[in-house]
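A.B. asks: below are the sequence and a predicted model; questions follow.
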Amino acid sequence: MWRALIIVPITILSLEPQLRFWIDRGSNWQGSYATFNADEFLYSGYLNALDQGRSRRNDPFTGRVDGAGSSFSETAFSIQFIPPFVISTIARTLHLSAATSFIILALIAGVLASLSIFWLILSITSDERFAATSALFVLVLGTLIAGQGLIGVLLKLDVIALGLPFLRRYQPAASFFLFFVFCTLVWHAFNSLKNRRALLGSLAAGLVLTVLVFSYLYLWTAAIAWLGCLFLLSLFQRREYRKRDFKALAIICAFLVLALVPYFYVVSHRSASLDELQTLISIRKPDLFRLSEIVGLLVLIGLVMAVIRGKIRRDDPRTLFAASFLLLPLVVFNQQVLTGRSMQPFHFEVFIINYTTLVGLVIVISLLWRTVTSRSLIWIAIFCALLGAVEVELTRAFAVGDLKKDEMVPAMRLLAERARRDADDRVFSPHFEFMQMLPTWAPQATLLAVGSVDFGSATHDERKEFLFTHLYYSGSSDDRLRELLHGVRAELAWSYYVKYVVFGHERVRKALTLHYKPVTEPEIEMEVKSYSLFVNSFSRSEAGKYPLRYIVVAANSNFDFSRLDRWYERGPAEPVGSYDLYSLKLRE
């Protein structure tokens, strides 16, 4: 009964955006997934490329693939390969599209996340009722502790995630549960009275950590930081168990070393743009005011006071585990003081540390209030479910874009069929959503190459050239670019993309870096002037640099083909749903 208390609401919350999307579209649904996070199109595009049999190192947006006379550097996608390889293998076996895989993944990720946290809290507290309620509490309130979702909107913060952030597919959704499985196995390794069980726990924890290393950077580094916190605390508080703790740590670290040798070899061959994408900076400035840090520190102080007053035993393993989770935010968000390096710490804040802080909180609650009535737990669960529904409802912000993307699917499927005969085609569409989603459905390269920075297949200058060429064919004026660089509220995704291609992530969003420097008006005018020069000097050599095979436009858009027709012969329109598909041939 109590396990159903978490599985049922989390399942509903995980599927709610998709259920809502299905209801809205009805019989017109073309197969698209409902968006949880604005970055998901990158992951579904890469997943589709793997489904098509492309190599681990590829860029589905530019069509560039490792091999065949070209060298392709490692990227965050190719390094963190286990989740997409597992998903794509299952998808090929069951003949599922990338979009369908994402729909199913949302369900599975929600269930696995709830069960893994349930198992962790149950192992620590031995209270199934409390563990079930706590799992729901952690997964729902994680959005609030990250300063995202509803509280971020109300306080007008720089909101990066809506809904339940752990469900972003496939990162971290596919491997999120493994972090808490790792923590549970460490609990058994450190606290099992039977040596055999402790040994098995250590071996299993090491194996899970190895999988995490090649799954998601921010999960495995957080896991190592947490393990370090736990071990240091145990040295001072569990002296009689030092030998056993050392043995468990040694086994886990042996697995870690074996994983890190190939990992760092692969990382050493990373794309030059990967550090730019991840906004790797040199800094030793403390970072002390994130909400998860503040909550963790306050609860940690309360825990220490309870120990001093004798309400909680200092050597209780539950006390140590709670303290390790509460200490983790301070360690993770201030590691740069020692290392001198910081890399988009918001990933920790939104996708894992917010949840571990709440795990620490519920363990402390279990220590202080040993008896919580079932009625109280049910009311807490109802509150969490309602709050979760409100958080998930905020993902309606993606509804308009999802509608457009779903209407585009028939044209994308037709392009996928054409690609079987026409290899290495490049597609242009003035619609940003089409350029985002085409790789999820078809193998053709896109002129805009939206993911080229994420997949490390293009330099900064090349990405600007892709953008300027796209704007040129779209008929965009200088004023249009200026408008986009200032930000168009009705076109947030498109405006953001234009700004970050031109200036970089770290110049656009404060949350992505500790060295934020906003874009200035003179810089915008300089880029507008650069685009004007590009348009005025555009020639056939420029048109032939990235030759196009197809263009897709909305049937009722009254698109101006004048610039495109100057360089291309355009075939007759092929109506496909709400869009028209034209074949193109570069003029002699």
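C.D. replies: Everything's here; your move. A quick note: this is a predicted structure, and the numbers were derived from the prediction, not measured. Numbers count the residues shown, from 1 in each chain.
A.B. asks: where's Leu387 relative to Glu393, distance?
C.D. replies: 11 Å (Cβ to Cβ, to the nearest Å). For every residue, glycine as well, the C-beta is placed using N, CA and C.
A.B. asks: was I right to think Ala38 contacts Tyr500?
C.D. replies: No: the criterion here is Cβ atoms under 8 Å, and Ala38 misses it with Tyr500 at 11.7 Å.
A.B. asks: who touches stretch 491-503?
C.D. replies: Residues from elsewhere that reach stretch 491-503 (Cβ atoms under 8 Å, 6 or more residues apart in numbering): 38, 401, 432, 436, 450, 453, 463-464, 466-467, 481, 484-485, 487-488, 507-508, 519, 523, 527.
A.B. asks: mind doing that once more with 7 Å?
C.D. replies: Residues outside stretch 491-503 that contact it (Cβ atoms under 7 Å, 6 or more residues apart in numbering) are 38, 401, 432, 450, 463-464, 467, 484-485, 487-488, 508, 519, 527.
A.B. asks: for the residues you listed, which single residue is the most surrounded?
C.D. replies: Greatest neighbour count in the contacts of stretch 491-503, by other Cβ atoms under 10 Å, goes to Val450: 26 neighbours.
A.B. asks: tell me the phi and psi of that residue?
C.D. replies: phi -60, psi -40 (degrees, to the nearest 10).
A.B. asks: can you pull out the strands in the stretch 301-450 of the chain?
C.D. replies: All strands of the stretch 301-450 of the chain, identified by DSSP state E, counting those that start in this stretch, fall at 341-343, 426-428, 445-446.
A.B. asks: for the first one, packing partners?
C.D. replies: Using 3 or more Cβ pairs under 7 Å, 6 or more residues apart in numbering; DSSP states H and E as the contact criterion, the neighbours of strand 341-343 among helices and strands are strand 280-282.
A.B. asks: can you tell me the closest non-neighbouring residue to Gly302?
C.D. replies: Val364 (6.9 Å; Cβ to Cβ, 6 or more residues apart in numbering).
A.B. asks: tell me the contacts of the one you found?
C.D. replies: 299, 302-303, 322.
A.B. asks: Ile124: which of these is nearest?
C.D. replies: Checking the contacts of Val364 against Ile124 with Cβ to Cβ, the nearest one is Ala322 at 8.4 Å.
A.B. asks: now that closest one: how far from Asp315?
C.D. replies: 13 Å.
A.B. asks: of these two, who's got more company?
C.D. replies: Ala322 (25 against 14).
A.B. asks: neighbours around the closest residue to the more buried one other than its chain neighbours, how many?
C.D. replies: Nearest non-adjacent residue to Ala322, counting by Cβ to Cβ, 6+ apart: Ile363, 3.9 Å away. Ile363 has 26 neighbours, counted by other Cβ under 10 Å.
A.B. asks: pretty sure Ile363 contacts Thr319?
C.D. replies: No: contact status for Ile363 versus Thr319: not in contact, 8.4 Å apart, counting by Cβ atoms under 7 Å.
A.B. asks: what is the neighbour count of Arg375?
C.D. replies: Neighbours of Arg375 (other Cβ under 10 Å): 8.
A.B. asks: what about it, distance to Val267?
C.D. replies: Per Cβ to Cβ, Arg375 is found 52 Å from Val267.
A.B. asks: could you do Leu414 as well?
C.D. replies: Applying Cβ to Cβ to Leu414 and Val267 gives a distance of 40 Å.
A.B. asks: looking at those two, which is more packed in?
C.D. replies: Using other Cβ under 10 Å, the more surrounded residue of Leu414 and Val267 is Leu414, with 19 against 13.
A.B. asks: could I get the contacting residues of the closest residue to the more buried one other than its chain neighbours?
C.D. replies: Take Leu414 and drop its neighbours on the chain: the residue closest to it by Cβ to Cβ, 6+ apart is Val576, 5.3 Å away. Going by Cβ under 7 Å, 6+ apart, Val576 touches 410-411, 414.
A.B. asks: what do you get for Arg244?
C.D. replies: Ala198.
A.B. asks: then it would be within a helix, right?
C.D. replies: Yes: looking at Arg244 with DSSP: H, G, I helix; E, B strand; the rest coil, it is inside a helix.
A.B. asks: in the chain, where is pLDDT below threshold?
C.D. replies: Applying pLDDT under 70 to the chain flags the ranges 1-5, 67-71, 238-241, 272-282, 420-424, 511-514.
A.B. asks: tell me, what residue is most central in it?
C.D. replies: The chain has Gln171 as the residue nearest its centroid, 4.3 Å off, counting by Cα atoms, centre = their mean.
A.B. asks: in terms of helices and strands, where is that residue?
C.D. replies: For Gln171, there is no helix or strand it lies in under DSSP states H and E.
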